[in-house]
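> kindly return the folded structure for what I paste below:
(4 chains)
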2 protein chains.
Amino acid sequence: MSSKATTIADVAARAGVSVPTVSRVLTGSARVSQAKKDAVEAAIAELNFRPSAAARMLASRRSQVIAIVAGDTSRYGYAETIRGVEEAARAQGYTVMITVVESQDDDEVARAISATLAQSVAGIVVLKFDAPGVAVLRQLPPDVPVVALSGVRDVGTPQAVLDETRAAEELTSFLLGLGHATVHHVRVPPSRREDGRTTGWRRALRKAGAPVPVPLDATWEPRSGREIGHALATDPSVTAVFCGNDEIAMGVIRGLNDAGQRVPEDVSVVGFDDHPLAELWSPPLTTARQDFAGLGRRGFQLLLDVLGGSTERLYSSERPEVVHRESAAEPRPRAAVREARSVPAGA
Amino acid sequence: MSSKATTIADVAARAGVSVPTVSRVLTGSARVSQAKKDAVEAAIAELNFRPSAAARMLASRRSQVIAIVAGDTSRYGYAETIRGVEEAARAQGYTVMITVVESQDDDEVARAISATLAQSVAGIVVLKFDAPGVAVLRQLPPDVPVVALSGVRDVGTPQAVLDETRAAEELTSFLLGLGHATVHHVRVPPSRREDGRTTGWRRALRKAGAPVPVPLDATWEPRSGREIGHALATDPSVTAVFCGNDEIAMGVIRGLNDAGQRVPEDVSVVGFDDHPLAELWSPPLTTARQDFAGLGRRGFQLLLDVLGGSTERLYSSERPEVVHRESAAEPRPRAAVREARSVPAGA
DNA sequence: GCGCCTTCTGAAACCGCTATCAAGAATCCG
DNA sequence: CGGATTCTTGATAGCGGTTTCAGAAGGCGC
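Predicted coordinates:
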């Protein structure tokens, strides 16, 4: 589908050299006299020749395409991570293909893997943020160069991680340190039995000897947080809430507000990710900043290492930084809580 | 990089048929006796054979890959549109490749086009939301199947559009109808000299005979809206603001709030897009709902029509629906404005 | 039972490029 | 100055499929 049916043979004819010589200047695989090189380059320019990636791939058994396999492409963390991978790949002359895996259903996972592998990609970056991602990773043939990107370290595959467990623990401990008796948790759909964020939260509570409430489940939709906020508002033991991500936190805050609770005066709410709108929300969200684009870039770099045949321990971890803003504060004293509660709810 | 070096020849040998026969069952291009067909299918399954897309492409000069060319991948509208294209493409067995064009710089545009075309794609979907997208569309060789996705209709290329001009006009008129003397406008980086949203806004003001303030320019960052909000707060003639997108609107509202102005009591603010957080914002945003994913799906469908050789007028337009929420209200009476202004700003 | 038309099927060519290899030209050395 | 190297270069053989094309088989009418 290239502009014209211009092939390497046309270029060779125009430049008065053989086909392999053109190939050599194209790939730089061997020396070519300056004169012929110039002639070839001129011919390429004049003919506006573009080598066919398919033919190259076939002949050389090498490819400049990488695939990103993900359960979603448009949600904040996913989109940012993809952006990071793409940027890094582009900088190195790689093209990126995207495969979406809808579910962890065997057929769907097999379809996605098939579609990806059929393209003769050089390597794969799997976004292991959710169950489909995990499933793909498990079913991928073992000899395919692959890097996993996620929030929790796993054995096996080379991977880049944002250590959400540690960050969640820190965030929860911070809330506890403020004087809250415990911290409730609203989680987003987990990638496995338990998310790193949930683990970190639980760990912090355990360490502090605080009671561990049952986590509440939100969907990826921010509005699901709102309903949970309504529910939370009816429970006077709720004074601090740790949400699986900022969007859910915003929903929860909204729900709490609907029910007349103020944040952070009545309830503290923290999120996760440092979404671009987190700082603009009222109140501005205390959260853990996740550098998704950076995760993507690190992931691609790792893939490059794998492709280069590196035998080192291919692993890169980074810890999200807790960002203190205004959605978390000390709990109000017991008496004050009662009092506030009897007052009609105001904006 | 396929799992094994399994080729069609291996399958043929295993099934006891010739190579072309295997190819025939693979592509369904010609009848094959049921017996051999079964044998081939069994062999394919046993060998876990996956035909090489590169080889197929080369031999058949056809491709099941489409490219999405976009100036960005992670911002809301872009990410959603990409999701829509990908979904529709996947449903039809197409694989999608992504090419990002950073700028409208000639070299960069040429690089992106080259990278895309080298992959022998079946067709291209260009996100014509910004200047780089427009530039790519202009420089693409004329014989490449391409569909443009955007907010303003253009001549030439087949395209799917979300008619933002009409929606912007409607939104602005609505504000005017509420009693505002004029509507200020904060625009996002435009794709051309003037955006559809800006045009619609201007048109509504003209029709109503209202003064046309100079538009203010925001970047894509929500926080840039905040600064503009601060500036807007100092101008008493500002009673209604139409923002280029919801995120900017949120920033503007935040900025207005910082300066002690309330929305919608003191100033009405409307956005554009109906971002998932728009309904959760305080106040919930009045905006125009843009179905980006739908745009993407329509775009892919159009591309399929182009590829099918359709000669009809390939064009699909949809009009965003105005969503009425609480960020827009009648202006307060003149006297009241004065009075409010003399009161110290409070949260 | 024979010629003619369908169906199936395999041999061979080819898609556009790279890898291998050997030949010819240029350069070097004692 | 002859033989040994070192460079360039083109012929040739694939890469893993698909696409003619023609032959082999089976079906039909008379």
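
> for the stretch 101-250 of chain A, what spans make up the strands?
Ranges of strands in the stretch 101-250 of chain A, per DSSP state E, counting those that start in this stretch, are A:123-127, A:146-150, A:159-162, A:184-187, A:216-217, A:240-243.

> the fourth one - contacts with which helices or strands?
For strand A:184-187, the packing partners by 3 or more CB pairs under 8 Å, 6 or more residues apart in numbering or on different chains; DSSP states H and E come out as helix A:196-208, strand A:216-217, helix A:222-233, strand A:240-243, helix A:246-258. C-beta here means a position set from N, CA and C on the backbone, and glycine is covered the same way.

> next one: the last one
The helices and strands touching strand A:240-243, judged by 3+ CB pairs under 8 Å, 6+ apart, are helix A:164-177, strand A:184-187, helix A:246-258, strand A:268-270.

> possible to save those as TSV with mean pLDDT?
Below are these laid out as TSV (pLDDT from 0 to 100):
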stretch	mean pLDDT
helix A:164-177	97
strand A:184-187	97
helix A:246-258	97
strand A:268-270	98
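
> looking at those, which is closest to DNA strand D?
Ranking the helices and strands packed on strand A:240-243 by proximity to DNA strand D (CB to the nearest atom of the strand) places helix A:164-177 first, at 40.6 Å.

> identify each buried residue in that closest one, please.
Residues of helix A:164-177 classed as buried: A:164-176 (neighbour count, 16 or more other CB atoms under 10 Å in any protein chain shown).

> distance from that helix to the middle of the chain?
In terms of CA atoms, centre = their mean, to the nearest Å, the centre of helix A:164-177 is set 21 Å apart from its chain centre.

> where does the residue of the stretch 151-300 of chain A found nearest DNA strand C land in three-state SS?
Going by CB to the nearest atom of the strand, DNA strand C is nearest to A:Phe300 of the stretch 151-300 of chain A, at 23.0 Å. Secondary structure for A:Phe300, judged by DSSP: H, G, I helix; E, B strand; the rest coil, is helix.

> for it, give me its contacts.
Shown in contact with A:Phe300 (CB atoms under 8 Å, 6 or more residues apart in numbering or on different chains): A:66, A:84-85, A:88-89, A:92, A:94, A:125, A:147.

> same thing but 10 Å
Contacts for A:Phe300 were tallied using CB atoms under 10 Å, 6 or more residues apart in numbering or on different chains; they are A:66, A:68, A:84-92, A:94, A:96, A:123, A:125, A:147, A:149, A:160.

> before we move on, what about A:Ser120?
A:Ser120 makes contact with A:53-54, A:57-58, A:61-63, A:65, B:1-2, B:50, B:52-55, B:57, according to CB under 10 Å, 6+ apart.

> ok, now how distant is it from A:Ala89?
For A:Ser120, the distance to A:Ala89 (CB to CB, to the nearest Å) stands at 16 Å.

> ok, A:Ser173 next?
Applying CB to CB, the value for A:Ser173 to A:Ala89 is 37 Å.

> likewise A:Arg203?
Shown here: A:Arg203 relative to A:Ala89, a distance of 35 Å by CB to CB.

> comparing these two, which residue is more hemmed in?
Legend: neighbour count by other CB atoms under 10 Å in any protein chain shown for A:Arg203 and A:Ala89, higher for A:Ala89 (27 against 16).

> where's the more buried one, which helix or strand?
Using DSSP states H and E, A:Ala89 sits within helix A:76-91.

> next secondary structure element downstream of that helix?
Next in sequence after helix A:76-91, counting helices and strands by DSSP H and E, comes strand A:95-100.

> packing partners for that following strand?
Here strand A:95-100 touches strand A:65-70, helix A:76-91, helix A:106-118, strand A:123-127, strand B:65-70, helix B:76-91, strand B:95-100, helix B:106-118, going by 3 or more CB pairs under 10 Å, 6 or more residues apart in numbering or on different chains; DSSP states H and E.

> so which of these comes closest to DNA strand C?
When the helices and strands packed on strand A:95-100 are compared by CB to the nearest atom of the strand, helix B:106-118 sits nearest DNA strand C, at 8.8 Å.

> what residue in the stretch 101-250 of chain A comes nearest to DNA strand C?
Per CB to the nearest atom of the strand, the residue of the stretch 101-250 of chain A with the smallest distance to DNA strand C is A:Ser120, at 12.1 Å.
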